[in-house]
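Trainee: Predicted model and sequence follow; I will ask about them next.
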Amino acid sequence: MTAEPRFLPAGDATLGVYSDEPDPAAPQTGTASGPGSDIGSLINASQTGDTPFEPELFDGPPELPPGMAKAALRGAGRADTAAVPAIPKQAALTHVPRPLAKPAPGGALDVEALSRQIGAMLIVGFKGTRAEDPDVQALGELIRRGRLGGVMFLKHNIVSKKQVVALTGYFRRQAGSRPVIISVDQEGGHIERLTRAAGFRERPSAAEVGGMTERAAARLYQDMALDLRSWGFNMNFGPVLDVNVNRNNPIVARYGRSYSADPADVARFGRIFVEAHRKAGVMTSVKHFPGHGSSTSDSHKGFVDISGSWSEKELTPFQQLARAHAIDTVMIGHLYIDRYGAPGGGACRHPCPRPSSTG
């Protein structure tokens, strides 16, 4: 019998649940409900300890607040002669199944197919460092059955290069011919899960890269992406497209996570990051939409209202990368802006329904 998994507390997520907090505390774990090999164990996992967020059931596709989608993608349909090439075939998200047809009146819902659909959209963190560990075995079974889209490595999953290659290889073997996302949060600077202590080369922060030439930045990110691919990763949760509006920002500026206070520079270096990763066959996730750079508090630690500090210039990096077709996925920030309220015009206050990709 597969051991019942104990999944990590929810933090940030893109297609799943994880935390990109700069200095996360030791993970607290809860006990999942339901059989260990069932997706219910994953999305219904209970939590203990002072975790920053609680996991939620996804009850439908998210709707962007009125006006924000138009503002973000204004002009995104225009062709760009310098558009980057598509993601290499081996990294493409081809495993998300088609929507289920609505069952006929009186007909039964295909629960197995629905479970696979939900699971294919999730990337989860986990406890363990070896294929033999109970939680790793449980996730491997979910991947083998097509009930999980991918995994996220955090610092506590990483011991050495040899160990990482063995563990990413295990997850890949469980997927067989089905694509699986094996991801990590490796921005550079303070946000690195693959650390010097574990034998990995440390990379400069975004703030440091923002002072480089484009050629130097491209070379840096090319080496970084090729390394990630060689260790078995096919997704990296970056780049940060937050504009450095507030130099006292406790979660962005404090850790050198923004390239610049100039939106155009942020877009320029962010695109270099994406293009370098694509060439290596590694997907990326731009973050933290619609912009975390003006905040005065940390969204990992509570509700963050940026209504008075945020401006549409913070959308510029997202707009420019969208126009260049240089976005693979988007990580949404846990942020509130009063003028972009709930659909229908009414503003929602915390807790608001969360989109499926959050960070």
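Mentor: Perfect, I can see it now. Numbers count the residues shown, from 1 in each chain.

Trainee: Now do the SS call for residue 309.
Mentor: With DSSP: H, G, I helix; E, B strand; the rest coil as the basis, residue 309 sits in coil.

Trainee: Look up the pLDDT of it for me, please.
Mentor: What the model reports for residue 309 is a pLDDT of 95.

Trainee: Could you look up the SS state of the closest residue to it other than its chain neighbours?
Mentor: Closest residue to residue 309 apart from its sequence neighbours, by CB to CB, 6 or more residues apart in numbering: residue 294 at 3.8 Å. Bear in mind the C-beta positions are built from the backbone N, C-alpha and C, glycine included. The three-state assignment at residue 294 reads coil, by three-state DSSP.

Trainee: hang on, isn't residue 294 packed against residue 314?
Mentor: Yes. Using CB atoms under 8 Å, residue 294 is in contact with residue 314, at 6.6 Å.

Trainee: Between these two, which contacts overlap?
Mentor: Shared contacts of residue 294 and residue 314, defined by CB atoms under 8 Å, 6 or more residues apart in numbering, are found at 243, 245.

Trainee: hang on, the earlier thing: residues in contact with the residue nearest to residue 309?
Mentor: Listed by CB under 8 Å, 6+ apart, the contact set of residue 294 reads 243, 245-246, 249, 306, 309-311, 314.

Trainee: Backbone dihedrals for it, please?
Mentor: The phi/psi pair for residue 294 (degrees, to the nearest 10) reads phi -100, psi 0.

Trainee: Show me the shaky parts of the stretch 251-359 of the chain.
Mentor: The stretch 251-359 of the chain contains residues with pLDDT under 70 at 341-359.

Trainee: Which helix or strand contains residue 330?
Mentor: For residue 330, the host element (DSSP states H and E) is strand 329-332.

Trainee: Against residue 206, how distant is residue 214?
Mentor: Distance, residue 214 to residue 206, by CB to CB, to the nearest Å: 14 Å.

Trainee: ah, wrong one, I meant residue 143
Mentor: Taking CB to CB as the criterion, residue 143 is separated from residue 206 by 32 Å.

Trainee: between those two, who's got more neighbours?
Mentor: residue 206 (29 against 25; other CB atoms under 10 Å).

Trainee: you'd agree that one is up against residue 190?
Mentor: No. Using CB under 8 Å, residue 206 is not in contact with residue 190; the gap is 10.0 Å.

Trainee: Please identify every residue contacting each of the two.
Mentor: Taking CB under 8 Å, 6+ apart as the criterion, residue 206 and residue 190 both touch 256-257.

Trainee: Scan the contacts of residue 294 and report the most crowded one.
Mentor: Within those, most neighbours by other CB under 10 Å means residue 243, with 28 neighbours.

Trainee: residues in contact with that one?
Mentor: Contacts of residue 243 (CB under 8 Å, 6+ apart): 258, 260-263, 266, 291, 293-294, 313-314, 316-317.

Trainee: do residue 129 as well
Mentor: Residue 129 makes contact with 156-159, 163, 167, according to CB under 8 Å, 6+ apart.
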